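> Sharing a sequence plus its predicted fold:
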Protein chains: 2
Amino acid sequence: MVKMIRLDFESIRDISSSIDPERMRAKAEEAQRILEGRTGEGSDFLGWLELPVQISEGEIHALEEMASSIQKTEALVVIGIGGSYLGTRSILSALTKPFTSKSLPVYFAGWQMDALYHKDLLSLLKGKKYFLNMISKSGSTLEPALAFRFFWNDLEKRYSSKELQELVAVTTDSSKGSLRKFTDNHSLPSFIIPDDIGGRFSVFTPVALLPLAAAGINIRKLLEGAAEMRMILQQTQFTENPALQYAAYRHSSYNSCKKIEILAVYQACLGSFAEWWKQLFGESEGKDGKGIFPTSVNLSSDLHSLGQWIQEGERSVFETVLDIEEAGELEIPYEAKDEDHLNYLSKRKLHDVNRTALKAVLKAHQSGGVPCLRISLEKLDEKNLGALMYFFMYSCAVSAYMLGVNPFDQPGVESYKKNMFRLLGKP
Amino acid sequence: MVKMIRLDFESIRDISSSIDPERMRAKAEEAQRILEGRTGEGSDFLGWLELPVQISEGEIHALEEMASSIQKTEALVVIGIGGSYLGTRSILSALTKPFTSKSLPVYFAGWQMDALYHKDLLSLLKGKKYFLNMISKSGSTLEPALAFRFFWNDLEKRYSSKELQELVAVTTDSSKGSLRKFTDNHSLPSFIIPDDIGGRFSVFTPVALLPLAAAGINIRKLLEGAAEMRMILQQTQFTENPALQYAAYRHSSYNSCKKIEILAVYQACLGSFAEWWKQLFGESEGKDGKGIFPTSVNLSSDLHSLGQWIQEGERSVFETVLDIEEAGELEIPYEAKDEDHLNYLSKRKLHDVNRTALKAVLKAHQSGGVPCLRISLEKLDEKNLGALMYFFMYSCAVSAYMLGVNPFDQPGVESYKKNMFRLLGKP
């Protein structure tokens, strides 16, 4: 069996010796039984568990067909908030060149209500033939609903009803909600957000798969990676099971008063991935007065920022490092005069130097009393990324069950909505 | 006297009643005396304190002259890490249109060692006539030094020594270090990083002023805002002094076991500002096993992410909200059919709805046991931003002295460097 992800606990011997490993193992295995047996709280929301294995050729084909027609336009505007855009954005950033990408440009709207941002995006797209993908389960979440009004209004002025059916696709509920009604009224093509999959677990549904396919991402490989990881996590024992180990490790860290987890990435393109990860863990575990606070750093940059706090601040933190073994070929040039005294590194790969920094930081933080876990991935491609995301989703569900909370609800998100609609005078 | 920044403590009555306000006031005033009297630890690094007031017309003029010649090229590459790019990037993001800016494109390099990122940036600039601004106090910090080798190597192949003097400017030490030597050897134009100003306090030095001026930012207004704030903070009593109040509030929050401070922004363009703020506070206070952990959220987006944790997770957090009173004119359109039921908002400004969300969230978080402070700014322009940054810098110094740490050193940053240079086999 392929081990797509390797966990390196070497640098956390200290913490694991201070807790009872057998008890943690038993607790993680019990949480897994609850998850796989669908007997825990929120078990109506387990559609994501088998999805990468069960998705049909017909569904994939339909997404690819729609993606082809999106690619005939000049740009794609994706409207969505939270789980409706974080997964898409993280995969796009990780797999697209930052400056010279030739793929269809993708713009995200409705993830906030910033007027400057939306006004300028409308200016950019003025007169352009772009495609609009509106993503919302109910249609009533204010941020995407308002953004949709702006962009629909713009397109409606320029195109006939018939033409709009070629320029707008809606990803929403199969039967309920105002957006479903709108979609049917205008005979727009649509894709379904299943009832049993919540936003932060929706990266392998059309929510992300449609815009990703339109941007040229190989969604079959993404699903393949997730499906392979599904098999590994379902079938292997604790000692070979990275998701159970990671959940057990997090739980014991939390019990040892390590209340902040920092995800550290060393690739500029993984900044958005960290945002997806923060939503996944923060929204799943942060309830009932409990939960690790998930945060992130972009290294080595942030060593010259939060690095000082991590090294010598309060000892309430543990660090999880994403180590990408292969990433980009760029050789450090030789300079005859060596005025910067860096010839000892010439002809070496920049990525190797970056990984050396990673190892040096692990050692430094460990000496400073920060337990560190390294998660290694061979490279950044669709398959590995699909596996990594499935790994985190599974581990998150196990971890939340270990903590004794429902991994799949988000009751706290309602509080501000109620206040907001009242202040806005919603009828 | 103009009050450029307004603090609203209404929503934190609970916490301020639980601590002794007189004791906090006395402690903040004592810390201010240490700062202004230059009697505390790190007082050799107080050059930033009077800088906005003392900077000469000659210095500003020289920066503007160089900026004009940079603007004759096709792009500006700024090489720097930590304080050498975070301030510049935060002001640029805050004041430049995200999609349709007509200013000179500015690219940041050397803030990490990601091979994919640097390779693609080199591809983008291949054959283009760009300007290179290298920023490093010593020249020996590995990330910017390596990036400089790549870009210098590229330019050197294409231009004569004489031409390079028109395409490269160095911001570095006045006399010491390998970069100063390099600069003199090649007769490159240079700007000085003063000895008494550390990286995270350098936003009003040529470190940020040169690239900002090149990108069309009005640096005179920026300095004017900072100078006005300098006068306010130096001359007003505690009850009128936002920096002392903010420092006292943070200190009492920390003493009440609120160990995480979340900076919440509601403008997409302020995401980078939060990164600057995190470095300022994290690196100044995170030492000796102490210090609030500074983190940030982009709202309303992150309400559908970390919002759940903030609302109902561990009660170890307090929130500081940046409220921008005016930001962008974008009116919500009227739709005759009202299929989305949003006509109750039509003809209203999107920014007003965004600020209503801000108020609703303040209430929700406060009810959830999260003390909230609102910092209001009239609008995002050079003057207000200059004032805001000076306010945070001053407040940070006061806050660190209240905590009993040196605000101006970063001993922990050395740990990883030592390990890294050993692993890399530096001679």
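Received the coordinates, thanks.
> tell me which residues in stretch A:27-38 are buried?
Within stretch A:27-38, the residues scored as buried using 16 or more other CB atoms under 10 Å in any protein chain shown are A:27, A:28, A:29, A:31, A:32, A:34, A:35, A:36. Where C-beta positions appear, they are placed from N, C-alpha and C, glycine not excepted.
> Check which helices and strands the host helix or strand of the third one is in contact with.
Residue A:29 is part of helix A:21-36, with elements assigned from DSSP states H and E. Using 3 or more CB pairs under 8 Å, 6 or more residues apart in numbering or on different chains; DSSP states H and E as the contact criterion, the neighbours of helix A:21-36 among helices and strands are helix A:242-255, helix A:382-403.
> I'd like the ones you listed written out as JSON lines, with distance to residue B:163, mean pLDDT and mean neighbour count added.
Below are the helices and strands packed on helix A:21-36 laid out as JSON lines (distance: least, CB to CB, whole Å; pLDDT from 0 to 100; neighbours: other CB atoms under 10 Å in any protein chain shown):
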{"stretch": "helix A:242-255", "distance to residue B:163": "54", "mean pLDDT": "94", "mean neighbour count": "23"}
{"stretch": "helix A:382-403", "distance to residue B:163": "43", "mean pLDDT": "98", "mean neighbour count": "25"}
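> Tell me which of those sits nearest to chain B.
Closest approach to chain B among these is made by helix A:242-255 (9.7 Å; CB to the nearest CB).
> Output the contacting helices and strands for the closest one.
strand A:5-8, helix A:13-18, helix A:21-36, helix A:219-235, strand A:372-379, helix A:382-403.
> The helix or strand encompassing residue A:150 - what's its average pLDDT?
Assigned by DSSP H and E, residue A:150 belongs to helix A:142-158. Helix A:142-158 shows a mean pLDDT of 98.
> what does it contact?
A:77, A:79-81, A:84, A:109-113, A:118, A:122, A:125, A:132, A:134-136, A:139, A:164, A:167-168, A:417, A:420-421, B:300-301, B:330, B:332-333, B:335, B:340, B:342, B:345, B:350, B:353, B:357 (CB atoms under 8 Å, 6 or more residues apart in numbering or on different chains).
> Dump the helix or strand following it to PDB, restricted to CA.
In the C-terminal direction, the helix or strand that comes right after helix A:142-158 (DSSP H and E) is helix A:161-164. What follows is helix A:161-164 as a C-alpha-only set of coordinates in PDB (Å, rounded to 0.1, in the frame of the first residue of the first chain):
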ATOM      1  CA  SER A 161     -32.200  34.900 -21.100                       C
ATOM      2  CA  LYS A 162     -31.000  32.200 -23.600                       C
ATOM      3  CA  GLU A 163     -27.400  33.500 -23.500                       C
ATOM      4  CA  LEU A 164     -27.400  33.700 -19.700                       C
END
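> separation between the nearest residue to residue A:293 once chain neighbours are set aside and residue B:223?
Across the structure, with CB to CB, 6 or more residues apart in numbering or on different chains as the measure, the residue nearest residue A:293 apart from its sequence neighbours is residue A:260 (4.8 Å). When distance is defined by CB to CB, to the nearest Å, residue A:260 is 37 Å away from residue B:223.
> So which bits of the stretch 1-150 of chain A are right by chain B?
Taking CB under 8 Å from any CB of the partner chain as the criterion, the neighbours of chain B within the stretch 1-150 of chain A are A:81-83, A:86, A:97-100, A:107, A:111-124, A:139, A:141-143, A:145-146, A:148-150.
> now, which of the residues you listed lie within strands?
Among the residues of the stretch 1-150 of chain A next to chain B, DSSP state E puts residue A:107 in strands.
> Can you give me the end-to-end span of stretch A:288-299?
With CA to CA, to the nearest Å as the measure, stretch A:288-299 spans 32 Å from end to end.
> Report the buried residues of it.
Along stretch A:288-299, the positions that meet the burial threshold by neighbour count (16+ other CB under 10 Å) are A:290, A:291, A:292, A:293, A:294, A:295, A:296, A:297, A:298, A:299.
> ok, of those residues, which one's closest to chain B?
So of the buried residues of stretch A:288-299, ranked by how close each gets to chain B (CB to the nearest CB), first place is residue A:291, at 4.3 Å.
> Now the phi/psi pair for the closest one, please.
For residue A:291, the backbone dihedrals (degrees, to the nearest 10) come out as phi 110, psi 130.
> Pull the helix holding residue A:150 out as PDB, backbone CA atoms only.
This file holds the C-alpha atoms of helix A:142-158, laid out as PDB (Å, rounded to 0.1, in the frame of the first residue of the first chain):
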ATOM      1  CA  LEU A 142     -25.900  37.500   2.600                       C
ATOM      2  CA  GLU A 143     -22.400  37.800   1.300                       C
ATOM      3  CA  PRO A 144     -22.700  35.600  -1.800                       C
ATOM      4  CA  ALA A 145     -26.400  36.600  -2.300                       C
ATOM      5  CA  LEU A 146     -25.400  40.300  -2.600                       C
ATOM      6  CA  ALA A 147     -22.400  39.500  -4.800                       C
ATOM      7  CA  PHE A 148     -24.700  37.400  -7.100                       C
ATOM      8  CA  ARG A 149     -27.100  40.300  -7.400                       C
ATOM      9  CA  PHE A 150     -24.300  42.600  -8.600                       C
ATOM     10  CA  PHE A 151     -22.900  40.200 -11.200                       C
ATOM     11  CA  TRP A 152     -26.300  38.900 -12.400                       C
ATOM     12  CA  ASN A 153     -27.400  42.400 -12.800                       C
ATOM     13  CA  ASP A 154     -24.300  43.200 -14.900                       C
ATOM     14  CA  LEU A 155     -24.800  40.100 -17.100                       C
ATOM     15  CA  GLU A 156     -28.600  40.500 -17.400                       C
ATOM     16  CA  LYS A 157     -28.100  44.000 -18.900                       C
ATOM     17  CA  ARG A 158     -25.900  42.600 -21.700                       C
END
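> How far off centre is that helix?
26 Å (CA atoms, centre = their mean, to the nearest Å).
> of all the helices and strands packed on helix A:242-255, which lies closest to residue B:239?
Relative to residue B:239, the nearest member of these by CB to CB is helix A:382-403, separated by 44.4 Å.
> low pLDDT regions in chain A?
Flagging of chain A using pLDDT under 70 yields the residue ranges A:1-3, A:10-19.
> Let me see the domain layout of it.
Partitioning chain A according to automatic domain parsing yields domains covering residues A:6-39+A:222-403, A:47-217.
> how far out from the middle of the chain is the longest one?
I take that to be domain A:6-39+A:222-403. Distance, stretch centre to chain centre, for domain A:6-39+A:222-403: 14 Å (CA atoms, centre = their mean).
> Please apply the same query to the shortest one.
For domain A:47-217, the separation from the chain centroid amounts to 16 Å (computed by CA atoms, centre = their mean).
> Report the central residue of chain A.
residue A:276 (3.1 Å; CA atoms, centre = their mean).
> who does the helix or strand that one falls within touch, helix- and strand-wise?
Using DSSP H and E, residue A:276 maps to helix A:271-285. Contact partners of helix A:271-285 among helices and strands, from 3+ CB pairs under 8 Å, 6+ apart: helix A:86-95, strand A:260-265, strand A:293-298, helix A:382-403, helix B:307-312.
> out of those, which comes closest to residue B:378?
helix B:307-312 (26.9 Å).
> For that closest one, enumerate the helices and strands it packs against.
Helices and strands touching helix B:307-312, as assessed by 3+ CB pairs under 8 Å, 6+ apart, comprise helix A:271-285, helix A:413-423, helix B:350-367.
> Give me the contacts around it.
Residues contacting helix B:307-312 (CB under 8 Å, 6+ apart): A:282-283, A:285-289, A:291, A:293-294, A:410-413, A:415-416, B:262, B:297, B:299, B:317, B:319, B:361, B:364-365, B:368, B:370.
> Likewise for stretch A:353-361?
Contact partners of stretch A:353-361, identified using CB under 8 Å, 6+ apart, comprise A:264, A:266, A:299-300, A:303, A:307, A:321, A:323, A:325, A:327, A:332, A:345, A:374, B:112-115, B:142, B:146, B:416-417, B:419-420, B:422-424.
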